[in-house]
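Novice: Take a look and give me a structure for this.
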Amino acid sequence: MATPHYYRVLRIFARNSLVREMQFRGNFLITVVSNALWFSAQLILFNIIYGNVKEINGWSRYEFFAFMATGMMINKLIESIFMPNCANFSELIRTGNLDFALLKPIDTQFLISFEKLDLARLTDLVFALSLLGYSLAQLDAFSRITVMQVVMYLLLIGLGVTFFYSLMITLASTSIWFGRNQGLYDFWFYVTIFARYPRSIYDGSSGFGLALQSVFSYLLPILLVVTVPAHVILDKTLNPSWLTAVLVLSTILGLFVSRAVFHRALMSYRSASS
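Specialist: Predicted coordinates for the structure are as follows:
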């Protein structure tokens, strides 16, 4: 049996998603406008906050906006590419359509992860890139940014997306054991809410704050997913410096664990016809 051409399959998935979106142009436009309003509300909120303080634990207004833009890029890539597919996984199980996915001559996890794209959410990348460019311009950072910084920044964003994807596909896989997993969106919100703010905001806190910083830096390092690439593009000192290595190792481990959990879950799957 011939090996499937994965790049060609991705192009087909993207084209099919575009066709679906264009069938409901009104919904597409409403989603884009709603996301733009939410983006504007976030900017207004933090502008009000920074109107009263110069910085928050070492983050000035435009440094935080660059951080915010980085987080938006990672979140929107996840929400537009992987969220629709992982959220639909339990429906494939319930309806028995997972049987057809398993019969196709292509890696099942690849098929489950990339079949649908939410192109309306993907347009939010324009807002994120605009905010990042504006913030760096206000910080006069373009004259100091090197090619290596940009390359490292993009690689770290890729690591962040991969890390969150590992969490998401692991959670989606549990649908085979627990049935319909309606808590996926809630879980995603509760997890990513910690990643919306720099790790350093917990510095100087005690008790519960330090416990949260430790847990979400080393056991489940979601605080590093946005903080590390933001430090790189802003050329800010990361303390401790080996947190980058923690993010890299955690992402690699997360990929292996999520792959193992996915295959273990498939072994427990019983066909709809059985």
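
Novice: can you give me the strands in the stretch 1-150 of the chain?
Specialist: 55-56, 59-60 (DSSP state E, counting those that start in this stretch).

Novice: What average pLDDT does the last one get?
Specialist: Predicted confidence along strand 59-60 averages 92 (mean pLDDT).

Novice: Equivalent analysis for stretch 193-210, please.
Specialist: Stretch 193-210 shows a mean pLDDT of 80.

Novice: Next, the buried residues of that stretch.
Specialist: Neighbour-count burial for stretch 193-210 flags 194-195, 197-202 (criterion: 16 or more other C-beta atoms under 10 Å). Where you see a C-beta, it was placed from the backbone N, CA and C, and this is true even at glycine.

Novice: Run through the neighbouring helices and strands of the worst-scoring helix or strand of the chain on mean pLDDT.
Specialist: Sorting the helices and strands of the chain by mean pLDDT, DSSP states H and E puts helix 184-195 at the bottom, at a mean of 75. Helices and strands touching helix 184-195, as assessed by 3 or more C-beta pairs under 8 Å, 6 or more residues apart in numbering; DSSP states H and E, comprise helix 83-95, helix 147-173, helix 222-234.

Novice: Run through the neighbouring helices and strands of the first one.
Specialist: Think helix 83-95. Partner elements for helix 83-95 (3+ C-beta pairs under 8 Å, 6+ apart): helix 98-103, helix 108-114, helix 147-173, helix 175-178, helix 184-195.

Novice: what about 6 Å?
Specialist: In terms of contacts (3 or more C-beta pairs under 6 Å, 6 or more residues apart in numbering; DSSP states H and E), helix 83-95 is packed against helix 147-173, helix 175-178.

Novice: Many thanks, have a good one.
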